[in-house]
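In: I need the structure of the sequence given here:
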Amino acid sequence: MKIAFACLANETNSFNSQLVSKESFDCALAKEFFTTESWQRPSVAKGIYDVLKKNKVEIIPLFFARATPGGTVSKDTYEEFINNILNELKKHTDVDAVCWALHGSFFAENYDDPEGHLLALAHQIVPDVPFHVGLDTHATMTPLMELHSSSIAIYKTAPHEDYYEIGELTAQTAIDALNGGYETMIANIKIPLLLSGEVSMTTFEPAKSLFANLSEMEQDPKVISASYALAFPWADSPYLGCNAIVTGKKEDYLYIHDKAKDLANKLWTARDEFIMAMDTATPEDAIQIIKNHNQDKPLIVSDVGDNATAGASQDLVDFLALILKAQLPNVLFAGIYSKSAYDNCIKAGLGSSISLKIGRFYQTDTPLEVKGEIIKFYQYNNKNCLLFRMICGITLIIAEQRIPCADLSVVHATGFDPLDFKTIVIKCGYHGQDLVDISSGNILALTNGDTMPNLKNIPYKRVARPIYPIDKETSF
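Out: Numbering: from 1, shown residues only. Down below sits the predicted model:
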């Protein structure tokens with residue numbers, strides 16, 4: 001048995017005007033996967049690999065690329081990546097299956113559906129080979145992705161915790177089908193519904209029960225996997241909307257189609273129950289809450305409109321400016337992407353006190369001027385960062401490139417204990433359990449930016465209408 005596998009993963013925010021280039025990706029070509037340390041950490045690709053290895057399959061690694069969520073991927077980068085995959089696949093046209101670790105909401109210049117396009121091109125090389133696909137919860141399903149997938153398995157957790165297990169399931173589905181001599185296929189039902197991550201956390205209702213039901217459905221011997229693809233609302237895609245997807249044997253298609261319809265109806269019925277799971281506040285009210293906070297543990301506040309883990313530009317300074325104006329004490333602000341500010345700090349040197357122009361205001365695109373001292377240079381997530389202690393006592397993380405700010409690792413990398421701060425402001429969306437555990441409170445500051453959670457305010461131009469909740473008259 002010979003099975004190939006590949007990874008192409010990026011969550012693309014089309015409202016972020018910064019193009020994403022090759023340099024932003026963590027890449028491994030063919031057998032480099034086996035020796036590249038970053039690819040040996042838990043992931044969908046690693047889950048696939050470990051199951052293939054455990055089952056003594058002849059493993060054919062193709063090409064692997066993933067990046068922190070960002071703007072649209074450049075045409076040259078995308079085309080180079082898919083050529084790497086396709087050229088490796090051409091060397092191994094005798095494979096019995098291909099396992100794919102994709103995101104599902106990857107977009108590139110001039111390509112509305114890069115992942116579907118990739119699968120279609122790969123099937124031209126190995127037309128009769130089944131493709132088994134692992135996807136992110138926020139995948140945006142397309143007709144081409146549906147057509148070229150023999151099975152689909154999707155994370156059941158948000159915040160995401162089961163990506164490795166989804167890789168395992170993807171590979172095991174491929175192996176079981178080959179050993180059992182049967183074909184698998186998917187039943188997919190599209191639902192005209194938009195959901196942001198902040199209202200669909202699987203630690204809160206209604207997503208908690210809806211996603212628990214997926215695992216219960218998988219106890220059915222005719223159901224190989226049951227999934228929701230909730231799409232990624234910060235991409236202006238003609239394919240946007242939620243999907244209910246069930247994988248089973250080809251001979252059981254009518255049965256799994258009914259199961260997918262049941263999942264779709266449950267999601268649609270719960271549509272008005274999806275509300276912000278965390279406390280929210282306007283930026284101005286969030287400042288007042290920070291002022292009044294007097295607990296021993298820090299208050300964690302999200303600058304949610306500039307959420308880098310959902311592809312925002314991470315350079316907006318509006319909320320930071322409000323903190324500075326209020327002269328709030330003992331705040332860690334994580335963090336601002338500004339290559340020019342980082343370069344100026346490198347020139348000035350550690351311990352220097354300087355003035356910097358950083359980021360931009362949402363409405364005017366003008367920078368914010370700040371004064372302070374450079375207190376540390378360090379690396380986080382293989383990216384260059386520094387700590388800038390401003391005159392008012394606020395500590396700012398400045399990054400040379402965009403960095404993920406999704407959990408406490410962004411604080412630990414600074415060398416500080418999170419409990420050293422009264423308030424920690426993070427450019428993220430919903431809070432993972434580690435942020436909840438160390439805090440005395442968690443707030444989403446409803447700031448403007450590429451990832452503002454009120455979907456009615458997003459300037460969609462290409463999304464198929466009507467769609468709920470933008471269009472209240474939407475039916476299903």
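In: Name the surrounding residues that touch the strand or helix carrying residue 153.
Out: Here residue 153, judged by DSSP states H and E, is contained in strand 151-154. Strand 151-154 is contacted by residues 104, 130, 132-137, 139, 166, 169-170, 173-174, 177, 184-186, 188, 224-225, 227-229, 245, 247 when judged by Cβ atoms under 8 Å, 6 or more residues apart in numbering. C-beta coordinates here come from the backbone N, C-alpha and C atoms, glycine included.
In: make it 6 Å
Out: The contact list for strand 151-154 (Cβ atoms under 6 Å, 6 or more residues apart in numbering) reads 132-135, 166, 169-170, 173, 184, 186, 225, 227, 229, 245, 247.
In: Any buried residues in that strand, and which?
Out: 151-154 (16 or more other Cβ atoms under 10 Å).
In: repeat for stretch 133-146
Out: 133-142, 144-146.
In: Equivalent analysis for stretch 335-349, please.
Out: By neighbour count with 16+ other Cβ under 10 Å, stretch 335-349 contains the buried residues 335-338, 341-342, 344-345.
In: next one: stretch 322-330
Out: Buried residues in stretch 322-330, defined by neighbour count with 16+ other Cβ under 10 Å: 322-324, 328.
In: Equivalent analysis for stretch 243-253, please.
Out: 243-249, 252.
In: And stretch 366-386, by the same measure?
Out: 367-368, 370, 372, 374, 376, 380-381, 383-386.
In: Sort those residues by pLDDT and name the bottom one.
Out: When the buried residues of stretch 366-386 are compared by pLDDT, residue 381 scores lowest at 87.
In: Tell me who's in contact with that residue.
Out: Counting by Cβ under 6 Å, 6+ apart, residue 381 makes contact with residue 403.
In: rerun at 10 Å
Out: 26, 38, 68, 399, 401-405, 409-410, 413 (Cβ atoms under 10 Å, 6 or more residues apart in numbering).
In: out of those, which are buried?
Out: Neighbour-count burial (16+ other Cβ under 10 Å) applied to the contacts of residue 381 gives 26, 68, 399, 401-405, 410, 413.
In: Export these as TSV, with columns for distance to residue 444.
Out: Listed next are the buried ones among the contacts of residue 381 as TSV, based on distance: Cβ to Cβ, whole Å:
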residue	distance to residue 444
26	29
68	20
399	22
401	25
402	20
403	20
404	17
405	14
410	17
413	23
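In: Narrow the residues you listed to those in helices?
Out: Judged by DSSP state H, helices contain the following of these: residue 410.
In: Redo the buried ones among the contacts of residue 381 as JSON lines? Include distance to residue 261 and pLDDT.
Out: As requested, the buried ones among the contacts of residue 381 are exported to JSON lines (distance: Cβ to Cβ, whole Å; pLDDT from 0 to 100):
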{"residue": "26", "distance to residue 261": "39", "pLDDT": "95"}
{"residue": "68", "distance to residue 261": "36", "pLDDT": "90"}
{"residue": "399", "distance to residue 261": "46", "pLDDT": "97"}
{"residue": "401", "distance to residue 261": "44", "pLDDT": "93"}
{"residue": "402", "distance to residue 261": "40", "pLDDT": "92"}
{"residue": "403", "distance to residue 261": "42", "pLDDT": "92"}
{"residue": "404", "distance to residue 261": "36", "pLDDT": "87"}
{"residue": "405", "distance to residue 261": "39", "pLDDT": "88"}
{"residue": "410", "distance to residue 261": "42", "pLDDT": "94"}
{"residue": "413", "distance to residue 261": "46", "pLDDT": "96"}
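In: Nearest to residue 281 among the buried ones among the contacts of residue 381?
Out: Closest approach between the buried ones among the contacts of residue 381 and residue 281, by Cβ to Cβ: residue 405, at 18.9 Å.
In: measure the closest one to residue 375 for me?
Out: 19 Å (Cβ to Cβ, to the nearest Å).
In: go on, residue 363?
Out: Residue 363 is 31 Å from residue 375, where distance means Cβ to Cβ.
In: isn't residue 122 right up against residue 84?
Out: No. Judged on Cβ atoms under 10 Å, residue 122 makes no contact with residue 84 at a distance of 12.0 Å.
In: Show me whatever sits in contact with both of these two.
Out: 6, 62.
In: what about these two, which has more around it?
Out: Taking other Cβ atoms under 10 Å, residue 122 and residue 84 do not tie; residue 122 has more neighbours (23 against 19).
In: Would you check how far apart the more buried one and residue 131 are?
Out: Counting by Cβ to Cβ - residue 122 and residue 131 are separated by 7 Å.
In: Now list whatever residues contact both of those two.
Out: 4, 98, 100, 148.
In: in this structure, which spans are helices?
Out: Using DSSP H, helices in the chain cover 32-35, 44-54, 75-90, 114-125, 143-147, 163-180, 207-217, 253-269, 283-292, 318-326, 339-348, 409-412, 433-437.
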